[in-house]
Every structure is written in C-alpha cells, then in structure tokens.
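[1] 3D, please:
(one chain, ligands or ions: 1)
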Amino acid sequence: MSTEKADPGLVLHHITVRFGGLLALDDVSLRAGPGRVVGVIGPNGAGKTTLFNVICGFVTPQSGAMTLDGRPFRARPHQLARHGIARTLQGVGQFNGMTVLENVQVGGNEKTAWAALERCEVAEHAGKRPGELPYAKRKRVELARALASRPRILMLDEPAGGLDTDEIRWLADLIRDTESTVLLVEHHMELVMSVCDEILVLDFGKPIALGTPGEIRTDEKVAEAYLGTAA
Ligand SMILES: Nc1ncnc2c1ncn2[C@@H]1O[C@H](COP(=O)(O)OP(=O)(O)OP(=O)(O)O)[C@@H](O)[C@H]1O
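    Predicted coordinates:
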C-alpha cells in the first residue's frame, strides 16, 4: 500500500510551539481525513489560532511535522492555494476598495467566484463594496472567497462569530454539505457539536481530548477546562 493511501489527508505529528517562555502548543497531533469535519475547541488562549497559523505557515513549530497525503508538508502562506487549502479569517477582512466579486475572485477565477457567491447566496451583491453590506452578508462573502478556490481543505476561523441563529443554521448546512475537508475553530458549541465528525480540545496548548461530539460532551477533563475558565 502506498504511503498516500495509508496516510491520506492532512496530518499533524507532535507539533510544539513556544512563544518565548509560553508553551502555546504542546505535542499536538491531529488527522483531518478527506471529507471530514474536524473541530478545534478550547478556552481563550488555548492555542487554536496558533494551530491554524502552523498549518498555514505563519508560525513555525519548534518541533513536530505535518504531512499531506503522506508526504512532508510545510506551507508558506502565499502557497496555500497551491496545496488546496483556504482559510477564512476571524471577522470579515475584505478589501473595501474592491467589489464583492473582485474580493471573491482573489480566491479563484471569475467562474468559481460566481459559483461561490451563488453557493453563499450573495451573488446579488457582487457589484457592491463589502462595506455596504451588513456583517452577516460580509461573513458570507468571506466564506465565498475561501470556497472560490475550491479547496480540498477549508479552514474556518470562528465563522459563527457575530451571527444570529438563522445564519448559524445556514452555516451549519454549508459545512455539512461541502465536499472539502473542514477544520473548524469555533466557540459556538452547538455548531461545533452539530457539524463535526471529531473534535480536538486544547487547554493551555495541551491536547486534553480527541473524539466524537458525543465523547467530548461527556469528557470530564473538557468540562473542567471550560468550567475553570468560565467568564
Ligand atoms: N505571536 C505571538 N507571540 C506571543 N504569544 C502569542 C502569539 N500568538 C499567540 N500567543 C499566545 O499563545 C497562546 C495561544 O494563543 P491563541 O491565539 O492560539 O489561542 P486561541 O485558542 O486561538 O484563543 P482565542 O480563543 O482567544 O482566539 C496565548 O497565550 C497567546 O497570548
């Protein structure tokens, strides 16, 4: 059996990241197989964004490695699309000097941009500036930008932030329907529990649990981590 078949998808092997004396990720391993939806949760400061930044090449780990389909993988932020990886940003992060369509085309070509705008039900706003749209629509534009590259791996960084219940339900359907592998960092537990196949829980950089939503819901260490830091 080839390595590719034995080890498909994106795999993180024992990733450790320090910022000075702070251990932001402590021996974190994770597999995101094709078509899976993998959640990464944890209290504030747990290391979720750092994990995304490692995958995207913004942060270089002190130790550990990544593989993509069994081959060594080290991303550079400007090469993500080449590897089939797209990431949405927390907030909306669009260029207001460009139209919605132009913003989404940054992630793909005109054809894939239109398809993504339609998928995200914002095609009617293609000619507007992002700043003219309400926040929820701008979040959809941000998703469309990521989808326009037809990513194998879609990294969603707090996509539910600032959205109401109906928008979150729409988002959940989109995540369930997409053929991409999804990596989801999110504080909205109902969304995470309803869409993820598996969930990694970080606490102060340490992986404290990895399992299905059902397993995570009943894990004592997870409850402790959240209760210990509840606002
Ligand atoms: N560039 C950096 N330099 C120094 N420390 C950093 C840096 N980036 C993150 N940290 C620290 O690393 C830890 C993990 O931060 P990270 O942003 O990954 O957590 P998070 O789980 O995404 O938190 P949140 O839910 O609040 O977004 C925090 O203590 C944070 O202050």
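
[2] which elements pack onto the helix or strand harbouring Gly39?
    Under the criterion of DSSP states H and E, Gly39 resides in strand 37-41. With contacts taken as 3 or more CB pairs under 8 Å, 6 or more residues apart in numbering; DSSP states H and E, strand 37-41 sits against strand 22-32, helix 48-56, strand 181-185, helix 189-195, strand 198-203. All C-beta atoms are positioned from the backbone trio N, CA, C, and that covers glycine.

[3] with distance to Val11 as extra columns, can I get these in a markdown table?
    Listed next are these as a markdown table, based on distance: least, CB to CB, whole Å:
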| stretch | distance to Val11 |
| --- | --- |
| strand 22-32 | 5 |
| helix 48-56 | 11 |
| strand 181-185 | 11 |
| helix 189-195 | 21 |
| strand 198-203 | 13 |
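
[4] generate JSON lines for these, with mean pLDDT, distance to Arg152 and mean neighbour count as supplementary columns.
    Putting the helices and strands packed on strand 37-41 into JSON lines (pLDDT from 0 to 100; distance: least, CB to CB, whole Å; neighbours: other CB atoms under 10 Å) gives the following:
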{"stretch": "strand 22-32", "mean pLDDT": "97", "distance to Arg152": "10", "mean neighbour count": "19"}
{"stretch": "helix 48-56", "mean pLDDT": "95", "distance to Arg152": "13", "mean neighbour count": "22"}
{"stretch": "strand 181-185", "mean pLDDT": "97", "distance to Arg152": "6", "mean neighbour count": "24"}
{"stretch": "helix 189-195", "mean pLDDT": "95", "distance to Arg152": "18", "mean neighbour count": "17"}
{"stretch": "strand 198-203", "mean pLDDT": "96", "distance to Arg152": "18", "mean neighbour count": "23"}
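
[5] so how far is stretch 153-160 from its chain's centroid?
    Once both centres are worked out by CA atoms, centre = their mean, to the nearest Å, stretch 153-160 turns out to sit 3 Å from its chain's centre.

[6] burial count for Glu118?
    Neighbour count of Glu118, defined by other CB atoms under 10 Å: 13.

[7] which SSE is it in?
    helix 110-119.

[8] so where's this structure shaky on pLDDT?
    1-7, 90-93, 228-231 (pLDDT under 70).

[9] mind listing the strands for it?
    Listed in chain order, the strands of the chain (DSSP state E) span 10-19, 22-32, 37-41, 63-68, 71-72, 85-87, 153-157, 181-185, 198-203, 206-211.

[10] which residue, other than its chain neighbours, is closest to Met98?
    Nearest residue to Met98 in three dimensions, chain neighbours excluded: Arg129, at 7.6 Å (CB to CB, 6 or more residues apart in numbering).

[11] mind listing what that neighbour touches?
    Asn96, Gly97, Met98, Thr99, Val100 (CB atoms under 8 Å, 6 or more residues apart in numbering).
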